[in-house]
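Sequence and predicted structure, then a few things I'm wondering about:
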Amino acid sequence: MPDTTRLQQQIQFLTEIDKLKRILRRTWLLDQSRYENDAEHSWHIAMAAMLFLEYADDPKVDVLRVIKMLLVHDLVEIDAGDTYAYDEKACLDQAEREQKAAERVFGLLPPDQATEFRGLWEEFEARQTPEARYAAALDRFQPLLHNYLTNGRAWQDHAVTSDRVFIRNRPVGEGAPLLGQYAEDLIRDAVAKGFLTE
């Protein structure tokens, strides 16, 4: 009988990451019926990676690597939880919580895949490669677009001001300059429409 240890580890990991579907973000679905979950967010920005590839800062960006990063980048939130971008207190220990979570979650995989997935997550976090900058741009742009299209509901719920939104979305322009300009225009328009306060 063949050794199925590797397959069992992979199935355990696949079963574990199903929990991502229950991690709620503070981003409203466009119909405002509920918050989106992390799995929906990851799928949405992976689609955006294909859709907006022509706007990536580097024309030679490896879109498959970007998609892989986007699909693994929030897996640590299974243990660490989603940290709301504008919650300064929760952001203080975010890196520590996520490092600990990365050890456990990626550690469920066979060693070669654990190394690969952890490496993708670390690359995304560091934002040093063209792929990571493009991935980070999409990760910031998607909730901004949702906030704008829901008339700033989450911003208003949490008393977020435009200066904080501008700072938070700076990486959009680093990975996708045209999307970065579009993001700035959305923020200015959100202020003009009263969705966001200055």
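Ah, there it is. Numbering: from 1, shown residues only.

got any ranges where the protein has weak pLDDT?
The model of the chain has pLDDT under 70 over residues 1.

which residue is nearest the middle of it?
Ranked by distance to the mean C-alpha position of the chain (Cα atoms, centre = their mean), the top residue is D139 at 4.0 Å.

Give me the contacts around the strand with the most length in the chain.
Looking across the chain with DSSP state E, the single longest strand is strand 24-28. For strand 24-28, contacts defined as Cβ atoms under 8 Å, 6 or more residues apart in numbering pick out 34-38, 41, 82, 84, 142-143, 146-147, 150, 153-154, 157-158. For the C-beta atoms, the positions are set from N, CA and C on the backbone; glycine is no exception.

Can you turn the buried part of those residues into a ChimeraX selection?
In ChimeraX, a selection of the buried entries from the contacts of strand 24-28 looks like this (16 or more other Cβ atoms under 10 Å):
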select :35,36,37,38,41,82,84,142,143,146,147,150,153,154
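
So which of the contacts of strand 24-28 belong to helices?
D38, H41, Q142, P143, H146, N147, R153, A154, D157 (DSSP state H).

Skip the chain neighbours and tell me the closest residue to the fourth one.
Once flanking residues are discounted, P143 sits nearest to T27: 4.6 Å by Cβ to Cβ, 6 or more residues apart in numbering.

Number of residues surrounding the one you found?
Other residues near T27 number 24, with proximity taken as other Cβ atoms under 10 Å.

Next, work out how far apart it and A154 are.
To A154, T27 is 6 Å away according to Cβ to Cβ, to the nearest Å.

chain center to the host helix or strand of the residue nearest to the centre of the chain, what's the gap?
Take DSSP states H and E as the rule and D139 turns out to sit in helix 130-149. Its chain's C-alpha centre and that of helix 130-149 lie 7 Å apart, by Cα atoms, centre = their mean, to the nearest Å.

in the helix or strand hosting V191, what's buried?
Assessed by DSSP H and E, V191 sits inside helix 177-192. Across helix 177-192, burial judged by 16+ other Cβ under 10 Å covers L179, G180, Y182, A183, E184, L186, I187, A190, V191.

Quick one: list the elements packing against the helix or strand harbouring I167.
Counting by DSSP H and E, the element that carries I167 is helix 162-168. Packing partners of helix 162-168 (3 or more Cβ pairs under 8 Å, 6 or more residues apart in numbering; DSSP states H and E): helix 130-149, helix 177-192.
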